[in-house]
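Enquirer: predicted model and sequence follow; I will ask about them next.
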Amino acid sequence: MSGPHVIRGSVSLPEAELMWRFSRSSGPGGQHANTSDSQVELRFDLARTEALPPVWKERALARLESRLVGGVVTVRASEHRSQWRNRETAAVRLAALLAEATAPPPRPRRATKIPRGINERRLRNKKQRGDTKRGRSGRDWS
């Protein structure tokens, strides 16, 4: 691997906690398509890790609940013919997934009041439009 994959700030994926599994890929190939194990499955035990701060860990467990199997998150990569490139892709994908899952919640939206002038202008334009349409018929509506 090319180095530690940073999740956010100074927190990165610990290489010791990553579990790799390789299998035959169904993607594009050549002479080595059926003999080289180029598909990569990367597993990370989110429930037992000590690498993430407790608050991040709780957030990630809650947000990735549907993706977890026994507290373990799994990422697959088989786009490339090279096992090394698939390893890189899987690690980057896992880091991005964890970065998104551990991000702080967005600030709540503050409700703002519509200025009176905007509302009055809207009603005035609406009245003018109604008068214009009413004037198109031959009847006298007043």
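Expert: Noted; the coordinates are in hand.
Enquirer: alpha carbons only for contacts and neighbour counts from here, please
Expert: Fine.
Enquirer: could you measure from residue 48 over to residue 83?
Expert: The gap separating residue 48 from residue 83 is 27 Å, by C-alpha to C-alpha, to the nearest Å.
Enquirer: in which helix or strand would I find the residue nearest the centre of the chain?
Expert: By C-alpha atoms, centre = their mean, the chain has its centre lying nearest to residue 100, at 5.7 Å. Here residue 100 is covered by helix 83-102, with elements defined by DSSP states H and E.
Enquirer: and that helix, C-alpha only, in PDB?
Expert: Extracted in PDB, the C-alpha atoms of helix 83-102 (Å, rounded to 0.1, in the frame of the first residue of the first chain):
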ATOM      1  CA  GLN A  83      -4.500  -6.700  -7.400                       C
ATOM      2  CA  TRP A  84      -2.400  -3.900  -6.100                       C
ATOM      3  CA  ARG A  85      -4.600  -1.200  -7.700                       C
ATOM      4  CA  ASN A  86      -7.700  -3.000  -6.400                       C
ATOM      5  CA  ARG A  87      -6.200  -2.900  -2.900                       C
ATOM      6  CA  GLU A  88      -5.600   0.800  -3.200                       C
ATOM      7  CA  THR A  89      -9.200   1.400  -4.500                       C
ATOM      8  CA  ALA A  90     -10.700  -0.700  -1.700                       C
ATOM      9  CA  ALA A  91      -8.700   1.200   1.000                       C
ATOM     10  CA  VAL A  92      -9.500   4.600  -0.400                       C
ATOM     11  CA  ARG A  93     -13.200   3.600  -0.600                       C
ATOM     12  CA  LEU A  94     -13.300   2.400   3.000                       C
ATOM     13  CA  ALA A  95     -11.500   5.600   4.200                       C
ATOM     14  CA  ALA A  96     -14.100   7.700   2.300                       C
ATOM     15  CA  LEU A  97     -17.000   5.700   3.700                       C
ATOM     16  CA  LEU A  98     -15.700   6.100   7.300                       C
ATOM     17  CA  ALA A  99     -15.000   9.800   6.700                       C
ATOM     18  CA  GLU A 100     -18.600  10.300   5.600                       C
ATOM     19  CA  ALA A 101     -20.000   8.200   8.400                       C
ATOM     20  CA  THR A 102     -18.100  10.000  11.100                       C
END
